[in-house]
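Enquirer: need coordinates for the following:
(chains A, B, C and D)
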Number of protein chains: 2
Amino acid sequence: MADSVNIRDVAAMAGVSVATVSRTLKNPDLVRPETRETVLRCVAELGFVPNAQARHFRRQATDTVILLVRDISNPFYLDVFKGVEDVASSAGYKVLMGDARSDPARVHHYIDMVRERHADGLILMTGSMPVELADAGLPPMVVALEYLPTRKLPTVLIDNEGAGAKATQHLLDLGHTAIAHISGPVPEVMSVARVAGWRKALAEAGIPPDERLTVRGDFSLASGEAAVDELFARGLPFSAIFAANDEMAVGAINRLRARGASVPGDISVVGFDDTIFAVACNPPLTTVRQPQREIGVEVMRLMIERLEGRLAPDATVVMPTELILRSSTTVAKPDARMAAGQR
Amino acid sequence: MADSVNIRDVAAMAGVSVATVSRTLKNPDLVRPETRETVLRCVAELGFVPNAQARHFRRQATDTVILLVRDISNPFYLDVFKGVEDVASSAGYKVLMGDARSDPARVHHYIDMVRERHADGLILMTGSMPVELADAGLPPMVVALEYLPTRKLPTVLIDNEGAGAKATQHLLDLGHTAIAHISGPVPEVMSVARVAGWRKALAEAGIPPDERLTVRGDFSLASGEAAVDELFARGLPFSAIFAANDEMAVGAINRLRARGASVPGDISVVGFDDTIFAVACNPPLTTVRQPQREIGVEVMRLMIERLEGRLAPDATVVMPTELILRSSTTVAKPDARMAAGQR
DNA sequence: TTGAAAGCGCTAACAG
DNA sequence: CTGTTAGCGCTTTCAA
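Expert: Residues are numbered from 1 along each chain as shown, chains lettered A, B, ... in the order given. Prediction:
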């Protein structure tokens, strides 16, 4: 760095004390206008940039929060990040984004970073937390979109079960009765809730949910493809699929087509999230939209309140979801249900 | 935070000086084993976590770098991030990811963050830099994938012109002669180079490049769709498209199909980047792969060398690209070239 | 309205 | 091998 100009250099040049320089920069009204002007001129002339590190150290705060996501490869988190970043930067915070890679050890690592005061707080968007930490004195944390059963923490949620039911209901409304589900990595809470929604909607429609029509995925494109293979291998007929996220839905569609089934002609597919995949997909994907940016906004708001000490430890915000109709779903053929055995 | 245990508390409990505690933690071999053990026991017992902030302050370093990308919505950067993060974390650095949103003012903001010592250095992956900064004393910066004409900085690059030519050549090899190009946001250097590659390959094949077959995009899906509309509006026949990134290629394919053209039956399409879009696409996209993770690894290596003062200011690393053949391209029909006027 | 001075927690000479 | 000590740059009482 070119500059090692510090507050003392400015004070010397302006012929005042360092305290006055500090005040000029932080509480200008406490300083006589003429003095203030002199100081500011010296600041400009010397190109003085206050050292944030020293300031943070002195104040025992970093003005930085860490946003830890389950898997940064999922574009879903990018819009969440934008929401977090918008709120953060207008409140004077910085955001560090971390990638948990679905690994509790990495979650641990990031918690330690807060303990070491690299950051003031941690926003968790990971499905699990190291068990041994559940009871220790945790640093300021808030949770988004995940539910950590071990611990009461401020949380931003969506109604995953309701949303799963909504997706399934849409397919039922189109006349489908044999509806498969590609789930997330159960037994994680979020994934379980979406399965429950599928189950519930079917049951309420008087159709006994057949668990053999559910296949466990891991939210990756490849797992969506594999799930279709598995469904065909099981040999049960189905005319629609509800996938627990868009990437798996896209994988499923590609695999269905590769096997000669048309979408939505033979099989309707619903996704979840409304990421860019839903739009990029051919056909465009009917999906359950989560308000990603708004979720980020909300969780960062909670974080700030938490850091400023004014937040109930179990505050919970539930965000709405919305079914977005596109072209990957259509009415069921009256007769033909896709039978795996037939192909 | 529960703990405000500091090094002095540990020293007191262990009956040693703070220096000994510090050494035990940082240079254990300088401490007699028994002393070391006592100290470590006290550290554990008190749950002492060294305050990174104080440490950084004392050392005048933050062990943090900022990775600033052009647009965080592009999944391309996610794998780069992973590469950066891997190298960073094994060298004891943290990574802050910032989103420039193609806005020079935001680049400025992040440069200031380094000036204020929030971070030690800045990795730039943005197409432009505020002009007024070009000559000021800049903090440690390295550049990846972009070329900033205003300034000599250590850089990781790919050969965009060569890669553009490679993509075009592939289409030529398949017998296509009327090859359109959907470019990035020219006149940015990267985009211009890819256009130049297209032009060069055509010229070398003895086909005069027709500039009316190039349409300017902005790397977004929507701009790929719009580009196809524009090409049809211009009315020139073409049987292949080379798009300057995968997202635009996917947009183009979807639009082509919506207009009744089959891909690759009627029109072959080549993308650029090999992001997850290339795999998610139907048909899977032939594309020019950039080694994203390796680019991240390399640029973080340069950053570390730069921070440690051992790096030529104009160091340049060129990474290889590779054409990945998938199903969005095929041999040109001997007769039928897609004529816009005909549909 | 301003200045003097005491640290925030840690590291690194330097001296023993 | 260990202790003493002087700060890193800034903010914030407390006095003047």
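
Enquirer: ok, and the closest non-adjacent residue to the residue positioned nearest the centre of chain A?
Expert: Nearest to the geometric centre of chain A sits A:Y77, at 4.6 Å (CA atoms, centre = their mean). In this structure, A:Y77 finds its nearest non-sequential neighbour in A:V69, 4.4 Å apart by CB to CB, 6 or more residues apart in numbering or on different chains. For the C-beta atoms, the positions are set from N, CA and C on the backbone; glycine is no exception.

Enquirer: give the contact list for A:V215.
Expert: For A:V215, the residues meeting the contact criterion (CB atoms under 8 Å, 6 or more residues apart in numbering or on different chains) are A:180-183, A:227, A:230-231.

Enquirer: DNA strand D versus the residue of chain A positioned farthest from its centre, what's the distance?
Expert: Here the centre of chain A is the reference, and by CA atoms, centre = their mean the most remote residue is A:G15, at 51.8 Å. Computed as CB to the nearest atom of the strand, to the nearest Å, the A:G15 to DNA strand D distance reads 16 Å.

Enquirer: returning to what we had before: okay, and the beta partners of the residue nearest to A:Y77?
Expert: Beta-bridge pairing of A:V69 under DSSP bridges involves A:D99, A:M125.

Enquirer: that one: neighbour count?
Expert: Per other CB atoms under 10 Å in any protein chain shown, the neighbour tally for A:V69 reads 23.

Enquirer: hang on, it packs against A:L122?
Expert: No: look at A:V69 against A:L122 with CB atoms under 8 Å: they stay out of range, at 11.5 Å.

Enquirer: coming back round to it: find the nearest non-adjacent residue to the residue farthest from the centre of chain A, please.
Expert: Among residues not flanking A:G15 along the chain, A:T38 sits closest, at 7.7 Å (CB to CB, 6+ apart).

Enquirer: right, and that neighbour touches A:A11 too?
Expert: No: contact criterion CB under 8 Å: A:T38 and A:A11 do not qualify, at 10.9 Å.

Enquirer: who touches the helix or strand where the residue nearest to A:G15 lies?
Expert: Following DSSP states H and E, one finds A:T38 within helix A:33-46. Residues outside helix A:33-46 that contact it (CB under 8 Å, 6+ apart) are A:5, A:9-10, A:13-16, A:20-21, A:24-25, A:28, A:31, A:48.

Enquirer: swap the cut-off to 6 Å and go again
Expert: Applying CB atoms under 6 Å, 6 or more residues apart in numbering or on different chains, the contact partners of helix A:33-46 are A:5, A:9-10, A:13-14, A:21, A:24, A:28.

Enquirer: just the ones of the contacts of A:V215 in helices?
Expert: Per DSSP state H, helices hold the following members of these: A:227, A:230-231.

Enquirer: those residues also near DNA strand D: which ones?
Expert: With the criterion set as CB under 7 Å from any atom of the strand, no member of the ones in helices among the contacts of A:V215 is near DNA strand D.

Enquirer: which residue is the nearest non-sequential neighbour of the residue in the stretch 151-300 of chain A that DNA strand C sits nearest to?
Expert: At 25.3 Å from DNA strand C, A:L153 is the closest residue in the stretch 151-300 of chain A, using CB to the nearest atom of the strand. In space, and not counting its chain neighbours, A:L153 is closest to A:V143: 5.0 Å by CB to CB, 6+ apart.

Enquirer: contacts only, for the one you found.
Expert: Residues in contact with A:V143 (CB under 6 Å, 6+ apart) are A:124, A:153, A:155.

Enquirer: try 10 Å this time
Expert: Shown in contact with A:V143 (CB atoms under 10 Å, 6 or more residues apart in numbering or on different chains): A:122-126, A:129, A:151-157, A:299, A:302, A:316.

Enquirer: span of stretch A:184-195 from start to end?
Expert: 9 Å (CA to CA, to the nearest Å).

Enquirer: so does that stretch get close to chain B?
Expert: No: Stretch A:184-195 stays clear of chain B (CB under 10 Å from any CB of the partner chain), getting no nearer than 17.7 Å.

Enquirer: around DNA strand C, pick out the residues from chain A.
Expert: Near DNA strand C, when you scan chain A using CB under 7 Å from any atom of the strand, you find A:15-20, A:23, A:30-32, A:34-36, A:57-58, A:60.

Enquirer: which strand or helix spans the closest residue to A:R293 other than its chain neighbours?
Expert: Sequence neighbours aside, A:G83 is the residue nearest to A:R293 in space, at 4.0 Å (criterion: CB to CB, 6+ apart). Under the criterion of DSSP H and E, A:G83 resides in helix A:76-90.

Enquirer: and that helix with helix B:76-90, angle?
Expert: Calculated by axes from the mean of the first three to the mean of the last three CA atoms, to 10 degrees, helix A:76-90 forms an angle of 70 degrees with helix B:76-90.

Enquirer: residues of chain A that sit close to DNA strand D?
Expert: By the rule CB under 7 Å from any atom of the strand, the part of chain A lying against DNA strand D is A:4, A:6-8, A:18-19, A:22-23, A:25-26, A:50-51, A:54-55, A:57-59.
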